[in-house]
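>>> Have a look at this prediction, sequence included:
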Amino acid sequence: EIMFDNLVQPYAVFSADSQAARMLSLPATVADAGDISRWNSDNSDLCKLLRMLDTMCTATTVEEALEEVRAVMSLGKNIWAYAYLRTLYTKNSEVYYGTLLAKPAML
């Protein structure tokens, strides 16, 4: 069990139109939620994006992953390729590393 008592407390910012404090520490808000999956589930847009990435990342081999990442890169915004690769890493780290090693210049 990770204890968060010894961490530096996040500082708060008060907006001019609100008396409520907004916490500026991502780790603290994740800890308050309980874990990263609970924190992610609080944002409906993020949930939809994660589901979309999970659905489009179906590769089980390096060759399939290269085909999928090339298709994603054809969108012209490599942030999507990055998101795809992070999803691949989560699903199958061996295929992820094999894909990086297969085409390091491209990726």
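Everything's here; your move. Residues are numbered from 1 along each chain as shown.
>>> Setting aside sequence neighbours, what's the nearest residue to Ala33?
Trp39 (3.9 Å; C-beta to C-beta, 6 or more residues apart in numbering). For the C-beta atoms, the positions are set from N, CA and C on the backbone; glycine is no exception.
>>> Which helix or strand contains the one you found?
Trp39 belongs to helix 36-41 when assigned by DSSP states H and E.
>>> any idea of the mean pLDDT in the next helix-or-strand element following that helix?
Tracing the chain past helix 36-41, the next element assigned as helix or strand by DSSP H and E is helix 44-56. The average pLDDT for helix 44-56 rounds to 91.
>>> Can I get helix 44-56 in CSV, CA atoms only?
The C-alpha trace of helix 44-56 is given here as CSV (Å, rounded to 0.1, in the frame of the first residue of the first chain):
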residue,chain,number,x,y,z
SER,A,44,-16.6,11.1,-20.0
ASP,A,45,-14.5,12.4,-22.9
LEU,A,46,-11.5,10.6,-21.6
CYS,A,47,-13.5,7.4,-21.2
LYS,A,48,-14.7,7.6,-24.8
LEU,A,49,-11.1,8.2,-26.1
LEU,A,50,-9.7,5.3,-24.0
ARG,A,51,-12.5,3.0,-25.4
MET,A,52,-11.8,4.2,-28.9
LEU,A,53,-8.1,3.5,-28.6
ASP,A,54,-8.7,0.1,-27.0
THR,A,55,-11.0,-0.8,-29.9
MET,A,56,-8.6,0.3,-32.6
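>>> What's the first helix or strand after that helix?
helix 62-73.
>>> Which strands or helices does the helix holding Trp39 pack on?
helix 26-33, helix 44-56 (3 or more C-beta pairs under 8 Å, 6 or more residues apart in numbering; DSSP states H and E).
>>> list the buried ones in that helix?
Residues Trp39 are the ones in helix 36-41 that count as buried (16 or more other C-beta atoms under 10 Å).
>>> ok, residues contacting that helix?
Thr29, Val30, Ala33, Leu46, Cys47, Leu50 (C-beta atoms under 8 Å, 6 or more residues apart in numbering).
>>> tell me which helix or strand of this protein sits lowest on mean pLDDT?
Lowest mean confidence among the helices and strands of the chain (mean pLDDT, DSSP states H and E): strand 12-14, at a mean of 47.
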